[in-house]
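J.: Below is the sequence, then the predicted model.
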Amino acid sequence: MKQQLEREAEAWRDLTPAEYDRAVCGMFDDFGTASLTAERVDAMLALAGATLRRDGPLLTESRACCVEQLLALVSLGSERALRSRLYLLLLLAWLRLGAVVARGPESISVAPTLPSGVVLPDGVDPAEIVDPALREQAQEFARRHREATERWNAKQRALGHLHNLAALALATRPGFADDEDVIKEMAMAMSLAPGLPSGLQRLLEDAAK
Amino acid sequence: MTASTSATWTSTGGTFAPASGTTVTWTAPAAATTSSVTATPASGAPCSASMNVVAPSERALVWKSDRAYTAGLAGSGFVATVTIQPTNVSFSRIQVREESVAAVASGYYDTVLNWNGKMHPVGTWVSLDTSNNGLIDTVGTKTPGAPGPFSAGDFLWAIPQSYRIAGSTGTGTPYSTGNHVQIMGGSSGREGTSKEGASRVRAP
């Protein structure tokens, strides 16, 4: 377990968000779901807890990998105490993805804007601007546009995962009947995540009835 | 995809996550093709379906608003929403961008504005929403507008449009050309701007 957590901490410290996403998905893949010992389940939950505590505004794939593993554990059936932890982690991952959606812009321009005072067609290469001050301003606009695009792209990835994970979560039926109310409460809690599209919100609200 | 009982899922193209169960997600392959997907239960006969994978065909721009220019200056730019066609296919797992091209300009746009050969830079890879929308294109002369003396001329950016699978790296696959055209009629400075189905005409 300690080794897993050290690898996750190193990845968080050293990697870009996209690289971190891939690294953490790889760690979850290493666990698999076949013949999981109690010790390995503990290690997986510790990894889930560690990565979900990270506030990475662009992280999406690692959240989705985490949920898929947690849902696989739910479907295998488990002790009541473990199930409670699984549901809490599932909700935390869901809220993290919802936060990525909420942070993303409503739409994105295909090209950065140009500064006022430039007589050029919009979308022109900033290097074409002769005036050095205006050129620098255009390059700054281009940098901000790249950041906005990253948030937009992360939002679209997160939305795709939320749709898939909702379908998986609602289809996953644990092997114990006493969790029916818990599943309904989970669906209601999931429906309250920020940034959810109305269709997905309705799906979850209906599942909570 | 859903089966009435737990099954192992296979396909001639694309991937499944998870690879078995009653409800799985199939991710289409990266190229236009036909794939056969099969659900094989532990007992009983397998069930197959054929899936057509469709590549994007073109962009369609819809005028959203005019850009405001100063009186006496030329300009007919506009803001448009972008939709990737066809709309009966979801492209939420691809990214698109505009590629680089040099402008071909003559008359006013060459001699007065010096736009001939101006480079359209390579854009940033941008994802689409679930309706193939969410992109905004700002087309035409930058505000507050372009000065005279006005004369006949034309300007063309034949911008290659590319797509790639989200999460992949490297260059994309070209799928269409977005022609950004500006034409000035003569000394009045009356100008029209068009791009991929959206257009506007304005006089200074």
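T.: Arrived safely, thanks for sending.

J.: so where's chain A shaky on pLDDT?
T.: Low-confidence segments of chain A (pLDDT under 70): A:33-35, A:76-78, A:172-179.

J.: what residues does it put near chain B?
T.: A:61, A:68, A:72, A:106-111, A:113-114, A:116, A:118-128, A:145-146, A:149, A:152-153, A:156-157, A:159-160, A:163-164, A:167-168, A:171, A:197 (CB under 8 Å from any CB of the partner chain). From N, CA and C alone the C-beta is placed, and that goes for glycine too.

J.: Provide a list of residues in contact with residue 53.
T.: Just going to use chain A. Contacts for A:Arg53 (CB atoms under 8 Å, 6 or more residues apart in numbering or on different chains) come out as none.

J.: meant chain B, my bad for not saying
T.: B:Gly13, B:Gly14, B:Ala28, B:Pro29, B:Ala31, B:Ala32, B:Thr33, B:Thr34, B:Ser35.

J.: Who's the closest spatial neighbour of it, skipping the chain neighbours?
T.: Nearest-residue entry for B:Val53: B:Ala28, 4.6 Å, with adjacent residues in sequence omitted and distances by CB to CB, 6 or more residues apart in numbering or on different chains.

J.: Phi and psi next, for that neighbour.
T.: Per-residue torsions, B:Ala28: phi -70, psi 150 (degrees, to the nearest 10).

J.: neighbours of it, just the number please.
T.: 22 (other CB atoms under 10 Å in any protein chain shown).

J.: Please apply the same query to A:Lys155.
T.: 25.

J.: Mind telling me what element it is part of?
T.: A:Lys155 belongs to helix A:132-171 when assigned by DSSP states H and E.

J.: If you count contacts, what does the helix or strand that that helix is followed by end up packed against?
T.: Next along the chain after helix A:132-171, taking DSSP H and E as the criterion, comes helix A:180-191. When contacts are defined as 3 or more CB pairs under 8 Å, 6 or more residues apart in numbering or on different chains; DSSP states H and E, helix A:180-191 sits against helix A:80-103, helix A:132-171, helix A:198-207.

J.: Quick check, pLDDT for the residue nearest to B:Val53.
T.: Note on B:Ala28: pLDDT of 85.

J.: Return the helix or strand of chain B with the lowest mean pLDDT as PDB; C-alpha atoms alone will do.
T.: Evaluated with mean pLDDT, DSSP states H and E, the helix-and-strand set of chain B has its lowest mean pLDDT in strand B:20-23, which scores a mean of 81. Extracted in PDB, the C-alpha atoms of strand B:20-23 (Å, rounded to 0.1, in the frame of the first residue of the first chain):
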ATOM      1  CA  SER B  20     -17.900  -8.100 -19.900                       C
ATOM      2  CA  GLY B  21     -21.200  -7.500 -18.100                       C
ATOM      3  CA  THR B  22     -24.700  -6.500 -19.000                       C
ATOM      4  CA  THR B  23     -24.000  -2.800 -19.700                       C
END
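
J.: Phi first, then psi, for B:Asp137.
T.: As for B:Asp137, its main-chain torsions (degrees, to the nearest 10) stand at phi -120, psi 130.

J.: residues touching it, list them.
T.: B:Asp137 is in contact with A:Ser109, A:Val110, A:Ala111, B:Leu61, B:Val79, B:Ala80, B:Thr81, B:Val82, B:Lys195, counting by CB under 8 Å, 6+ apart.

J.: Give me the most central residue, chain A.
T.: The residue lying closest to the centre of chain A (CA atoms, centre = their mean) is A:Thr60, at 2.9 Å.

J.: hmm, back to that, now the contacts of B:Asp137 as CSV including neighbour count and distance to B:Thr177?
T.: Converted to CSV, the contacts of B:Asp137 look like this (neighbours: other CB atoms under 10 Å in any protein chain shown; distance: CB to CB, whole Å):
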residue, neighbour count, distance to B:Thr177
A:Ser109, 22, 20
A:Val110, 24, 15
A:Ala111, 22, 16
B:Leu61, 23, 13
B:Val79, 18, 21
B:Ala80, 25, 17
B:Thr81, 16, 19
B:Val82, 27, 15
B:Lys195, 24, 11
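
J.: Please enumerate residues in contact with stretch A:135-145?
T.: So stretch A:135-145 is contacted by A:Ser109, A:Ala111, A:Pro112, A:Thr113, A:Leu114, A:Pro115, A:Val118, A:Pro126, A:Ala127, A:Ile129, B:Thr124 (CB under 8 Å, 6+ apart).
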